[in-house]
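Participant: here's my sequence, what's the structure:
(2 chains)
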Amino acid sequence: MTKLVRLIDQKRCMGCRACVAACATENYFTPDAPWNVMVEYEVGTYPKVKKVFNTMNCMHCEHPSCKAACDSIGVKAISKNAFGMVIIDYDKCIGCGYCAAVCPYGVPQLNATIAQLSPGKEKLGSENIGYADRHPTHRKKSNVAEKCTFCAHKIEQAVADGKVDRIGKDQAYTPACDLVCPVQARMFGDLDDPDSDISKRIKATGAKQLKTKFGTGPQVYYVLEEGAKS
Amino acid sequence: MKKLLILTLLGFSLAAGSALAADATSPKATTSAKAVKVVKVTAKTITMAEKGRYHAVHQNKEKLDCSDCHGGGAEDILFLRTGEFQGNEGPVDRKECLDCHQAPKKPTWYGAK
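Facilitator: Numbers count the residues shown, from 1 in each chain, chains lettered A, B, ... in the order given. Model prediction:
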């Protein structure tokens, strides 16, 4: 089995937001419905204070509460695939907002209007691709829920090319946010492979998941800054 | 004689037509049509709006106070939706949700297996 997870190292992150910009360009998320945001806050007491940078994206939980809520009302627009990615089907979503209400991380976004990423300026990334030619996760609709997909279009390409072992290593098969980090604060790969770089780094750093009390089993791990919230 | 024959054929065809029409509107046909009628789940029936099902369950049935869900998230900043965290009106403190949604015989939205 392959269980794709992400590691974010708060001790390395300097809050540059390159990952946020990369995601916006790659996945054409609209300003009102971001898929990746930077949350920053201060810890400690003067004069020993620190700033914590915590990028938030979908945790692709093992037991996603968004999927449970969606299934409970019979809509079944959210699925979890064999690689652990939680994906929303825009054609099935009815825009009720239940997934947005129950996610402990505030991830699903109800996108009221489809707007250009940079209004009045040139189109970016997949905005230049025709609607029908886009990956299904990029065929945005108004009033449906959307969120980070672990760059499903890239992962699906890796599967199609028979290069699952290159996920997290090759540019074409790695989520955009994890590629652009200038300080290597982000890592993506297979946790089920004990010899993978990410497995070793999670073990070595003692990385933690956020808000484990909800029991959703998030698949994003954080190397927490001293005093950081979890 | 020809006129009589034409009139007789016309009469037969009209009678057959009305009999077929009567069969189509019989009570049996109506019942089977009702049986296959499916209530479609839409955002009009399942919605977070104040008069929707979500509020009907939590506010009317479970008798939760508005403040149980709204306005309790000031401390919860690890939250992606930028419009909701940092104490703005509207955030839901999900700690409250756990009281019910991890209890037996309740919808297990958190930690659901």
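
Participant: how about the helices in chain A?
Facilitator: A:18-27, A:65-72, A:98-102, A:152-160, A:176-180, A:197-205 (DSSP state H).

Participant: out of the ones you listed, the one nearest chain B is which?
Facilitator: Checking the helices of chain A against chain B by C-beta to the nearest C-beta gives helix A:65-72 as the closest, at 3.9 Å. In this view, the C-beta of every residue, glycine as well, is placed from N, C-alpha and C.

Participant: list the buried residues of the closest one.
Facilitator: Within helix A:65-72, the residues that qualify as buried by neighbour count (16 or more other C-beta atoms under 10 Å in any protein chain shown) are A:65-72.

Participant: how far out from the middle of the chain is it?
Facilitator: When C-alpha coordinates are averaged (C-alpha atoms, centre = their mean, to the nearest Å), helix A:65-72 and its chain have centres 18 Å apart.

Participant: need the residues that contact it.
Facilitator: A:76-80, A:86, A:98-104, A:107-108, A:145, A:214, A:216, B:107-112 (C-beta atoms under 8 Å, 6 or more residues apart in numbering or on different chains).

Participant: who in chain A is up against chain B?
Facilitator: Listed as neighbours of chain B in chain A under the rule C-beta under 8 Å from any C-beta of the partner chain: A:34, A:37, A:39, A:41, A:54, A:56-57, A:63, A:65, A:67-69, A:72-75, A:94-98, A:100-102, A:104-107, A:109, A:143, A:210-211, A:213-217, A:229-230.

Participant: from the contacts of helix A:65-72, keep the buried residues only.
Facilitator: Taking 16+ other C-beta under 10 Å as the criterion, what is buried in the contacts of helix A:65-72 is A:77-78, A:80, A:86, A:98-104, A:107-108, A:145, A:214, A:216, B:107-112.

Participant: any idea how far A:I198 is from A:K48?
Facilitator: Using C-beta to C-beta, to the nearest Å, one obtains 32 Å as the distance from A:K48 to A:I198.

Participant: with neighbour numbers in mind, choose between these two.
Facilitator: Here A:K48 and A:I198 are set side by side on neighbour count (other C-beta atoms under 10 Å in any protein chain shown), and the busier one is A:I198, at 20 against 9.

Participant: leaving out chain neighbours, which residue sits closest to that one?
Facilitator: Once flanking residues are discounted, A:I198 sits nearest to A:G189: 3.7 Å by C-beta to C-beta, 6 or more residues apart in numbering or on different chains.

Participant: looking at it, the one you found is touching A:K3, isn't it?
Facilitator: No - when contacts are counted by C-beta atoms under 8 Å, A:G189 is not listed as touching A:K3 (9.6 Å).

Participant: between these two, which one's more packed in?
Facilitator: Neighbours around A:G189 and A:K3, counted as other C-beta under 10 Å, are more numerous at A:G189. The numbers are 25 against 16.

Participant: ok, and what's touching the worst-scoring helix or strand of chain A on mean pLDDT?
Facilitator: The element with the least model confidence among the helices and strands of chain A, by mean pLDDT, DSSP states H and E, is strand A:109-111, at a mean of 86. With C-beta under 8 Å, 6+ apart as the test, strand A:109-111 has contacts from A:30, A:32-35, A:95, A:97, A:100, A:140-147, B:80-81.

Participant: PyMOL command for the buried members of these?
Facilitator: In PyMOL, a selection of the buried entries from the contacts of strand A:109-111 looks like this (16+ other C-beta under 10 Å):
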select buried, (chain A and resi 30+33+34+35+95+97+100+140+144+145+146+147) or (chain B and resi 80+81)
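
Participant: of the contacts of strand A:109-111, which belong to strands?
Facilitator: If you go by DSSP state E, these have A:144-146 in strands.

Participant: ok, of those residues, which one's closest to chain B?
Facilitator: Distances from chain B to these, taken as C-beta to the nearest C-beta, are shortest for A:V144 (9.5 Å).

Participant: burial count for the closest residue to the closest one other than its chain neighbours?
Facilitator: With sequence-adjacent residues excluded and distances taken as C-beta to C-beta, 6+ apart, A:V144 is closest to A:C93, at 4.1 Å. Residues lying near A:C93 (other C-beta under 10 Å) number 21.
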